[in-house]
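A.B. asks: Just the structure for this:
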Amino acid sequence: MDGGGDRLEERVLHPSNIAIIREVYDGPDSQDMFVVELEKALESRCSIIVIEPSQLGDETARWITAGNYLHKMAVISGFSSVVTGFVWPHNFVPQAPLAIFSVLCTGLYTASWQFDHCVKYQVERDPGKLARLPILSALTATSPVVLVRKDDTRRKILHCTVSVAAAALCVYKLYGSVK
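C.D. replies: You can find the predicted model right below:
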């Protein structure tokens, strides 16, 4: 890429650790360039990423939302399984499906999102926080998608712990009922 890499660098990284993927169509492969710019911004761990191209922004927001739902379902079903196990200690039937579902959601989340750079980002939808962004006035798109980098360590620990606890309680009850 003779000189194209420099142009890409200028378009993606903003001096304040904010990446802006501009909706500038430079040719037939513009959509591919948008994806490359997003990947570069994700890999460089920018604190804020603004995505102007609506198709790429919508796809990225849906991907992050799907991961959020899997995380929430893993936590809710795992917690429900543990609570159900204590409320009905002699009835294994309502607890087991919840624990299995929690483990499956955790496994799917881990397999699909563990190595994805998007896992570290959340879509910012709060109009108050969006209004405080210094770069928002310079954007050309009317409704860009704004990604904010967040630490997801506690989130991963939470859903893994809850899922393992739910599964362990089910295995313990199953082992106890076989004896």
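A.B. asks: Quick one: the helices in this protein, in order.
C.D. replies: Under the criterion DSSP state H, helices of the chain are mapped to 4-12, 30-43, 54-87, 95-113, 127-131, 153-178.
A.B. asks: Ala41 touches Ile48, doesn't it?
C.D. replies: No - here Ala41 lies out of contact with Ile48, judged by Cβ atoms under 8 Å, at a distance of 9.4 Å. In short, each C-beta sits where N, CA and C put it, glycine included.
A.B. asks: Between the two, which contacts overlap?
C.D. replies: Ala19 (Cβ atoms under 8 Å, 6 or more residues apart in numbering).
A.B. asks: now the helices of the chain in TSV, with mean pLDDT?
C.D. replies: Formatted as TSV, those follow (pLDDT from 0 to 100):
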stretch	mean pLDDT
helix 4-12	44
helix 30-43	86
helix 54-87	93
helix 95-113	92
helix 127-131	79
helix 153-178	88
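A.B. asks: Check these for me and report the most buried one.
C.D. replies: Sort those by mean neighbour count, taking mean count of other Cβ atoms under 10 Å, and helix 95-113 sits at the top with a mean of 19.
A.B. asks: For that one, which outside residues touch it?
C.D. replies: Helix 95-113 is contacted from outside by 67, 70-71, 73-75, 77-78, 80-81, 84-85, 88, 119, 159-160, 162-163, 166-167, 169-170, 173-174, using Cβ under 8 Å, 6+ apart.
A.B. asks: same check, this time on stretch 55-62
C.D. replies: Ile21, Gln31, Phe34, Val35, Leu38, Ile51, Cys118, Val123, Pro144, Val145, Leu147.
A.B. asks: now, which of these sits nearest Trp63?
C.D. replies: Cys118 (5.9 Å; Cβ to Cβ).
A.B. asks: Spit out the contact partners of Ser47.
C.D. replies: Asn17, Ile18, Val148, Arg149.
A.B. asks: next one: Val82
C.D. replies: Val162, Ala165, Ala166, Leu169.
A.B. asks: can you give me the offset of stretch 112-127 from its chain's centre?
C.D. replies: 3 Å (Cα atoms, centre = their mean, to the nearest Å).
A.B. asks: CA atoms only: put it into CSV for me.
C.D. replies: Taking Å, rounded to 0.1, in the frame of the first residue of the first chain, the C-alpha atoms of stretch 112-127 are listed here in CSV:
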residue,chain,number,x,y,z
SER,A,112,-17.9,-16.2,19.8
TRP,A,113,-16.8,-13.0,21.7
GLN,A,114,-13.7,-14.0,23.6
PHE,A,115,-11.2,-13.1,20.9
ASP,A,116,-13.3,-10.3,19.3
HIS,A,117,-12.1,-6.8,19.9
CYS,A,118,-15.7,-5.6,20.0
VAL,A,119,-16.2,-7.3,23.3
LYS,A,120,-14.4,-4.4,25.0
TYR,A,121,-16.9,-1.8,23.6
GLN,A,122,-20.5,-0.8,24.4
VAL,A,123,-22.8,1.3,22.2
GLU,A,124,-23.3,4.7,23.8
ARG,A,125,-27.0,5.7,23.5
ASP,A,126,-27.3,8.2,26.3
PRO,A,127,-28.0,11.6,24.6
